[in-house]
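[1] coords please:
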Amino acid sequence: MKRSEINEILRAGDVFIRTFGYVMPPFAYWSPDQMRMAEHAEIKARGLGWDITDYGQEKFNQLGLFLFTTRNGLAEDLTRGRGMVYAEKIMISRNQQLSPMHHHILKTEDIINRGGGRLVLELFNLAVDGGIDREHEVSVPVDGIMRRVDAGGLLKLDPGESVTLHPNIWHAFWGEGDVLIGEVSTVNDDRSDNIFEADIGRFANVDEDEAPVHLLVSDYDQFLKGNV
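    Residues are numbered from 1 along each chain as shown. I've put the predicted structure just below:
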């Protein structure tokens with residue numbers, strides 16, 4: 001993705017989020033220079049901030065997701081069983097924009113339709129060999145009530161509804177209309193806890209055709225190297 005495209009997506013996404021009365025934390029609006037000068041060690045270590053991805057496929061409008069991580073624990077918190085064992089994100093899935101089929105090894109997550117259109121999830125169980133179980137129905141809690149769909153069935157969430165997905169649930173999702181999505185989960189690790197069905201990456205490959213307005217989480221290693 002070109003940095004100019006990322007900058008524009010970021011600006012438009014921020015406007016969309018604000019229409020729902022959701023307010024970002026102050027560090028969301030720090031410039032790269034402000035981020036370098038600030039005490040950003042915890043932001044970097046916890047992977048907080050902007051995350052715009054096309055999964056390395058260069059077709060964001062068809063295959064992509066807009067995310068902002070507002071809070072996140074660390075792997076050692078989970079190991080100890082105490083501390084910040086949770087994470088939270090706000091996301092945008094544009095109309096018919098696919099987040100591809102994947103599951104998590106450790107993370108359990110609540111996916112919440114915060115407003116806009118309808119959120120659609122395609123669901124499968126995890127097969128014994130680690131692949132996709134295309135035979136058995138899937139059971140998931142939707143706001144505390146168990147829902148069952150056939151393998152590959154579609155679960156549709158209206159604004160206000162949410163679903164809990166455990167690590168053994170394969171899922172892809174998209175919006176019918178533009179959707180604001182909340183995620184509340186156990187500790188989030190986007191570098192190692194996303195198992196995709198397809199051979200794709202988690203982050204975008206960035207062509208630096210202009211300066212970043214704000215840094216992405218995937219920029220931190222490059223732009224904040226040695227600044228802690």
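[2] can you list the strands that the helix or strand hosting Glu122 pairs with?
    Taking DSSP states H and E as the definition, Glu122 sits inside strand 109-126. As defined by DSSP bridges, the strand partners of strand 109-126 come to strand 132-133 (antiparallel), strand 153-157 (antiparallel), strand 162-165 (antiparallel), strand 169-186 (antiparallel).
[3] closest one to Phe60 among those?
    Among the strands paired with strand 109-126, the nearest to Phe60 by C-beta to C-beta is strand 169-186 (13.1 Å). To be clear about C-beta, it is placed using only N, CA and C from the backbone, and glycine gets the same treatment.
[4] any chance you could map the helices in the chain?
    For the chain, the helices defined by DSSP state H occupy 3-18, 32-37, 41-46, 75-80, 220-223.
[5] okay if I get those as JSON lines plus mean pLDDT and mean neighbour count?
    Shown next, in JSON lines, are these (pLDDT from 0 to 100; neighbours: other C-beta atoms under 10 Å):
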{"stretch": "helix 3-18", "mean pLDDT": "98", "mean neighbour count": "17"}
{"stretch": "helix 32-37", "mean pLDDT": "92", "mean neighbour count": "14"}
{"stretch": "helix 41-46", "mean pLDDT": "93", "mean neighbour count": "15"}
{"stretch": "helix 75-80", "mean pLDDT": "90", "mean neighbour count": "13"}
{"stretch": "helix 220-223", "mean pLDDT": "92", "mean neighbour count": "13"}
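[6] what would the ones you listed look like in JSON lines with distance to Pro159?
    Shown next, in JSON lines, are the helices of the chain (distance: least, C-beta to C-beta, whole Å):
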{"stretch": "helix 3-18", "distance to Pro159": "14"}
{"stretch": "helix 32-37", "distance to Pro159": "33"}
{"stretch": "helix 41-46", "distance to Pro159": "29"}
{"stretch": "helix 75-80", "distance to Pro159": "31"}
{"stretch": "helix 220-223", "distance to Pro159": "33"}
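[7] out of those helices, which is closest to Asp158?
    helix 3-18 (18.2 Å).
[8] which residues are in contact with the closest one?
    Helix 3-18 is contacted by residues 24, 28, 50, 52, 60, 66, 68, 90, 92, 178, 180, 204, 206-214, 216 when judged by C-beta atoms under 8 Å, 6 or more residues apart in numbering.
[9] so which of the helices of the chain is nearest Val142?
    helix 3-18 (24.0 Å).
[10] what about the closest one, distance to the chain center?
    Offset of helix 3-18 from its chain centre (C-alpha atoms, centre = their mean, to the nearest Å): 16 Å.
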